[in-house]
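S.K.: dropping the sequence and predicted coords here.
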Amino acid sequence: QEHLVESGGGLVQPGGSLRLSCTASGFSLDRHTVGWFRQAPGKDREPISCISNHGDETFYADSVKGRFTISKDINRRTMYLQMDDLKPEDTATYYCATFLYYEATYSRLEDADFGTRGQGTQVTVSS
């Protein structure tokens, strides 16, 4: 059975950084496109980044492009989201997931649907 567990969320000041981790069990991270989405209270889920199964392609939503970096370590079964220059509007619960489907224009992630997902980790950006 596929399973994902996130960690690394917390409270950070605007302009600060956090690194989220997502550990997989029951499957290898080179089996699926995997990535992250977030959801803030009262808002729709927002896919923010994904990485192809072989790790040779990455995609980002415009809202995080240039500030967030996705990566994965197949041997460690772990995916990461390095988040820099955080803004209050980045406050949300962040989920890692397998991506069943995604739409992208060049490297811009525009839409996605998700399969297995973790329980989420809270990120709060506030002074």
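M.R.: Looks like it arrived, so ask away. Residues are numbered from 1 along each chain as shown.

S.K.: and the strands in the chain?
M.R.: Using DSSP state E, the strands of the chain run over 3-7, 10-12, 18-25, 34-39, 46-51, 58-60, 68-73, 78-83, 92-105, 108-117, 121-125.

S.K.: contacts only, for the spatially most central residue of the chain.
M.R.: Against the mean C-alpha coordinate of the chain, by C-alpha atoms, centre = their mean, the closest residue is Trp36 at 2.3 Å. Residues in contact with Trp36 (C-beta atoms under 8 Å, 6 or more residues apart in numbering) are Leu20, Cys22, Pro47, Ile48, Ser49, Cys50, Ile70, Leu81, Tyr94, Tyr95, Cys96, Ala97. No exception for glycine: its C-beta is placed from N, CA and C like everyone else's.

S.K.: could you dump those residues into JSON lines and include pLDDT and distance to Gly10?
M.R.: Putting the contacts of Trp36 into JSON lines (pLDDT from 0 to 100; distance: C-beta to C-beta, whole Å) gives the following:
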{"residue": "Leu20", "pLDDT": "98", "distance to Gly10": "10"}
{"residue": "Cys22", "pLDDT": "98", "distance to Gly10": "15"}
{"residue": "Pro47", "pLDDT": "97", "distance to Gly10": "22"}
{"residue": "Ile48", "pLDDT": "97", "distance to Gly10": "18"}
{"residue": "Ser49", "pLDDT": "98", "distance to Gly10": "19"}
{"residue": "Cys50", "pLDDT": "97", "distance to Gly10": "23"}
{"residue": "Ile70", "pLDDT": "98", "distance to Gly10": "19"}
{"residue": "Leu81", "pLDDT": "98", "distance to Gly10": "13"}
{"residue": "Tyr94", "pLDDT": "98", "distance to Gly10": "11"}
{"residue": "Tyr95", "pLDDT": "98", "distance to Gly10": "16"}
{"residue": "Cys96", "pLDDT": "98", "distance to Gly10": "16"}
{"residue": "Ala97", "pLDDT": "97", "distance to Gly10": "20"}
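
S.K.: any of those residues buried? List them.
M.R.: Neighbour counting by 16 or more other C-beta atoms under 10 Å classes Leu20, Cys22, Pro47, Ile48, Ser49, Cys50, Ile70, Leu81, Tyr94, Tyr95, Cys96, Ala97 among these as buried.

S.K.: this completes my enquiry, with thanks.
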